[in-house]
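Participant: just to be clear, the model below is a prediction. Sequence and coordinates:
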Amino acid sequence: MRFLSLCLLLTVAVAAPAQSGRPDVLFIAVDDLNDWTGYLRGHPQARTPNIDRLVARGTAFTNSHCAAPACNPSRAALMSGLRPWQTGVYTNADPAQDVMRDTLTINRHFLAQGYRTLGGGKIYHGYSSEGREDSWTEWKGLFPSIQEHEENYSGLDRGHFDWGPVDAKTEEMGDHKLTTWAIDTLQNAPADQPLFLAVGYVKPHLPWYVPREYFDRFPLDQIQLPVVGENDLDDVPSAGRQMARPEGDHAAVVKGGQWAKAVQAYLATISFLDEQVGRLLDGLDASPRRDKTVIVWWTDHGWHLGEKEHWRKFALWEEATRTSFAVVAPGVGRPGQTCGAPVDYMSVYPTLCELTGVPLPAHVKGPSLVPLLRDPRGDWASVGVCTHGRGNHAVRDRDWRYIRYADGSEELYHHRDDPGEFRNLAGLAEHADLKARLAAALPAAEAEVAPTLKKPANKIDKPGKKKKKAGE
């Protein structure tokens, strides 16, 4: 299956002449941000005025989901237009850098079609393509940032799973430097060639170290913890409990009295990110590209902060798969509209192609979102599908989440009545037809896990001891 998929990827991209009529693209990726934004209301204390004004420029998709709840497979799927079960890239440990070597990814395709493609920050996970002329016009990679601390602020001694205020200037943060570079690019890149600018924010990825001023915005004695269900894992199959690992992060956080401090730190780090987004928007507005730029805003997956006794991503519940996602397309749809249709990131590649007039590669099969940009309440037959490890999948429609694990065990949640996913209804016979309908979106066959040819270049998402000196 994997080799068949790879053969389909060997599409020859013929360089196209630059077309001045094509819009520019501002492609904004964010690491580990869940629905804790103002417009999604994932947490009542989240303050994200700049993210909110960004998504208000176009269409905010309020029921959007990643293709995989981990950085590596999520980004590989979005950038290639291929799902994990097609490529064999299911987890952070799988060698996407090898599998993707011959894939016509979004940046390669736009480069071949005459775009000036510039990228900085984190777009892919753990690897980049700076050495390949067919990948980017210019690749900046991660920007230097403040150093991690040898000893955890939290006292949990769990590697980069740590948080606390740092006595540093905002200008020292890598994401601030990334934003400065992106603003300069927007304002000074040659105007005679369409621009594809990929800006990959690292925060709010762990560790949650940001300057003290951002922590001060969220007094610790006022922090509200996430709403959780008592004994919430009791009706979850063994496969789901193994993903939650309640005896790991959650037990350590509770025992260490760190839950409120962690929530404070996550909110503070999001607030820092939001300021960078505001700077970027202001830079775009001050540039000659203001009125001809398509903006794609996406977060690579969600994040748990104790829901279902789970932390981080790496699971198939709503908190891990739901994303912050919006498309701003000048002249298409109305600013400020929201869309509740269930969508996933297999639609990003075809949507960008349609909005820019770039031809769609043969291997990209996801549905374009342009019809929903024009009419966010229009008919939509697709569902959101997320995969975590071979054989484990979640399907989301407007009202339901269905999870099926590799061992055949299941979960089913009705989001209108149970948005917190506290009651697993999968065992009720009355839902057999519903489960069958949702399961129809799952693959009949799946690629084997891609063989690891070399160690991942970036272990940023792996728990354990961190190095004494490490950037974001």
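Facilitator: That came through fine.

Participant: quick one: end-to-end distance for stretch 434-445.
Facilitator: Taking Cα to Cα, to the nearest Å as the measure, stretch 434-445 stretches 21 Å from start to finish.

Participant: next, the buried residues of that stretch.
Facilitator: Within stretch 434-445, the residues scored as buried using 16 or more other Cβ atoms under 10 Å are L434, K435, L438, L442. To be clear about C-beta, it is placed using only N, CA and C from the backbone, and glycine gets the same treatment.

Participant: now do stretch 100-120
Facilitator: Within stretch 100-120, judged by 16+ other Cβ under 10 Å, the buried ones are 100, 103-120.

Participant: same question for stretch 376-393.
Facilitator: Residues of stretch 376-393 classed as buried by neighbour count (16+ other Cβ under 10 Å): 376, 380, 382-393.

Participant: just the buried residues of stretch 100-120: which are in strands?
Facilitator: R116, T117, L118, G119, G120 (DSSP state E).

Participant: got a pLDDT number for the third one?
Facilitator: Note on L118: pLDDT of 97.

Participant: stretch 199-212 spans what distance, first to last residue?
Facilitator: End-to-end for stretch 199-212, by Cα to Cα: 25 Å.

Participant: so how far is that stretch off the chain centroid?
Facilitator: Stretch 199-212 sits 14 Å away from the centroid of its parent chain (Cα atoms, centre = their mean, to the nearest Å).

Participant: how about stretch 216-234?
Facilitator: 23 Å.

Participant: same question for it, mean pLDDT?
Facilitator: The model assigns stretch 216-234 a mean pLDDT of 97.

Participant: buried sites along it?
Facilitator: F218, I223, G229, D232.

Participant: pick the one among the buried residues of stretch 376-393 closest to K308.
Facilitator: In terms of Cβ to Cβ, no member of the buried residues of stretch 376-393 lies closer to K308 than H388, at 13.8 Å.

Participant: mind listing what the closest one touches?
Facilitator: The contact partners of H388, taken as Cβ atoms under 8 Å, 6 or more residues apart in numbering, are A68, P69, A70, Y90, T91, M243, F314, A315, L316, A320, A394.

Participant: same thing but at 7 Å, please
Facilitator: Listed by Cβ atoms under 7 Å, 6 or more residues apart in numbering, the contact partners of H388 are A68, P69, F314, A315, L316.

Participant: out of those, which is most surrounded?
Facilitator: Highest neighbour count within the contacts of H388: A68, with 37 neighbours (other Cβ atoms under 10 Å).

Participant: need the pLDDT of that residue.
Facilitator: Per-residue pLDDT puts A68 at 98.

Participant: cool, and Q147?
Facilitator: Looking at Q147, the pLDDT reads 84.

Participant: burial count for it?
Facilitator: Here the count is done by other Cβ under 10 Å, and Q147 has 16 residues near it.

Participant: which secondary structure element contains it?
Facilitator: Following DSSP states H and E, there is no helix or strand that holds Q147.

Participant: CA atoms only for stretch 274-281 - export them in CSV, please.
Facilitator: Output in CSV follows, covering the C-alpha atoms of stretch 274-281 (Å, rounded to 0.1, in the frame of the first residue of the first chain):
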residue,chain,number,x,y,z
ASP,A,274,-1.7,36.4,20.0
GLU,A,275,0.5,39.5,20.2
GLN,A,276,2.7,38.1,17.5
VAL,A,277,-0.3,37.5,15.3
GLY,A,278,-1.4,41.1,15.9
ARG,A,279,2.0,42.3,14.8
LEU,A,280,1.9,40.1,11.7
LEU,A,281,-1.6,41.4,10.7
